[in-house]
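S.K.: can you look at this prediction? I've put the sequence above it.
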Amino acid sequence: LLIDNVEELLPVVYTPTVGEACQKYGSIFRQPQGLYVSLRDKGKVLEVLRNWPHRNIEVICVTDGERILGLGDLGCQGMGIPVGKLALYTALGGVRPSACLPITIDVGTNNEKLLNDEFYIGLRQKRATGEEYHELMEEFMAAVKQIYGEKVLIQFEDFANHNAFDLLAKYRKSHLVFNDDIQGTASVVLAGVLAALKEVGGTLAEQTYLFLGAGEAGTGIAELIALEISKQTKAPIEECRKKVWLVDSKGLIVDSRKNSLQSFKKPWAHEHEPLTTLYDAVQSIKPTVLIGTSGVGRTFTKEVVEAMASFNERPIIFSLSNPTSHSECTAEEAYNWTQGRAIFASGSPFDPVEYDGKIFVPGQ
């Protein structure tokens, strides 16, 4: 059904519907999907994995539910994400359903609403951190390799920043691992920028990039863009990073903030006066490409988008946050506020927009 009706069903199987399903997971729960590994399974993770009926697993999509889409900590209710993502592996990638294993690591949740919800099916405790968390993950990763071998692909999905970068760095040399939020999103967005430049003209190196959001997705995309610029121009990666600017919750990431920044943000701390708002950053940096990965809806305001249109004939605006309610702006807003000149793409689907007698189909 999904294979034959991909365009119609993608918004149901994945974003935006999957976000709502995760939020209501406990109240609509009927039977388990996927495999749960919890703190209480510590010392027995190998045994838990052996309970899964299929042995020829090729792809594992695993989350700990701490950063589900732009919705935050949903605990074990994040299971809808690996289930939905692996359905896409089958429908779009041709991977056998029996070769796909969705897993949720349940280490608790810091979401008070869920902890007080009578229908919440996960551990009713605050999230484990530090040594307790990493010991469980080490046991899990070792058990996966022991049962399914070295060639099984482990996709880390919707882990919070502080764990996502650490897990990818720790296991990338010993396991076949992949972080969709850091690496997958980056490859798709780079392809989108390259496609947009066919309309705009110019090269990657000739653009100036401004990101709203400096987490996994934002820094991952930024790094891949810089790497590709370096590859094309033979310039050092440090020089190529200077084409890319990031704004986080405290404003433009600049050199004077370096001592207080998380390690993955430090490469993007360039010399510039401190700026606290996105609008000020847009006016000062004058980007040709504006990319939203903030998880905060309606942050590409009319004044921000109009500013982009004032110094770009064809502003490239990617509003990537999911689900739709968290998108930095809508397709209609992007086209209307730029008089139909924007090249727009989003993380969640938007319907075609009619402006000035023309139909614009947003990229996704």
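M.R.: Sure thing, it's come through.
S.K.: what about stretch 47-64, start to end distance?
M.R.: Criterion Cα to Cα, to the nearest Å; first-to-last residue distance in stretch 47-64 is 19 Å.
S.K.: so for that stretch, what gets flagged as buried?
M.R.: Residues of stretch 47-64 classed as buried: 48-49, 57-64 (neighbour count, 16 or more other Cβ atoms under 10 Å). (Glycine included, C-beta is placed from N, CA and C.)
S.K.: can I get those in a markdown table including distance to residue 140, pLDDT and secondary structure?
M.R.: As requested, the buried residues of stretch 47-64 are exported to a markdown table (distance: Cβ to Cβ, whole Å; pLDDT from 0 to 100; DSSP: H, G, I helix; E, B strand; the rest coil):
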| residue | distance to residue 140 | pLDDT | secondary structure |
| --- | --- | --- | --- |
| 48 | 9 | 98 | helix |
| 49 | 8 | 98 | helix |
| 57 | 14 | 98 | coil |
| 58 | 18 | 98 | coil |
| 59 | 16 | 98 | strand |
| 60 | 10 | 99 | strand |
| 61 | 13 | 98 | strand |
| 62 | 8 | 98 | strand |
| 63 | 12 | 98 | strand |
| 64 | 10 | 98 | coil |
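S.K.: closest to residue 4 among those?
M.R.: Proximity of the buried residues of stretch 47-64 to residue 4 (Cβ to Cβ) peaks at residue 59, which lies at 22.1 Å.
S.K.: shouldn't residue 65 be within a helix?
M.R.: No - under DSSP: H, G, I helix; E, B strand; the rest coil, residue 65 sits outside any helix and is assigned coil.
S.K.: could you measure from the nearest residue to residue 241 once chain neighbours are set aside over to residue 164?
M.R.: Nearest residue to residue 241 in three dimensions, chain neighbours excluded: residue 226, at 4.7 Å (Cβ to Cβ, 6 or more residues apart in numbering). Per Cβ to Cβ, to the nearest Å, residue 226 is found 19 Å from residue 164.
S.K.: what do you get for residue 12?
M.R.: Residue 12 is 27 Å from residue 164, by Cβ to Cβ.
S.K.: neighbour count for those two, which is higher?
M.R.: residue 164 (25 against 14; other Cβ atoms under 10 Å).
S.K.: closest one to residue 21 out of the buried residues of stretch 47-64, please.
M.R.: residue 63 (13.9 Å).
S.K.: so that closest one makes contact with residue 105?
M.R.: Yes - with contacts counted by Cβ atoms under 8 Å, residue 63 reaches residue 105, the gap being 7.2 Å.
S.K.: quick one on the thing from earlier: ok, and what's touching the strand or helix carrying the residue nearest to residue 241?
M.R.: According to DSSP states H and E, residue 226 maps onto helix 216-233. With Cβ atoms under 8 Å, 6 or more residues apart in numbering as the test, helix 216-233 has contacts from 67, 159, 161, 164-165, 179, 181-183, 185-187, 189-190, 193, 203-205, 209, 211-212, 235-237, 239-241, 243-244, 246, 264-265, 267-268, 291, 293-294, 320.
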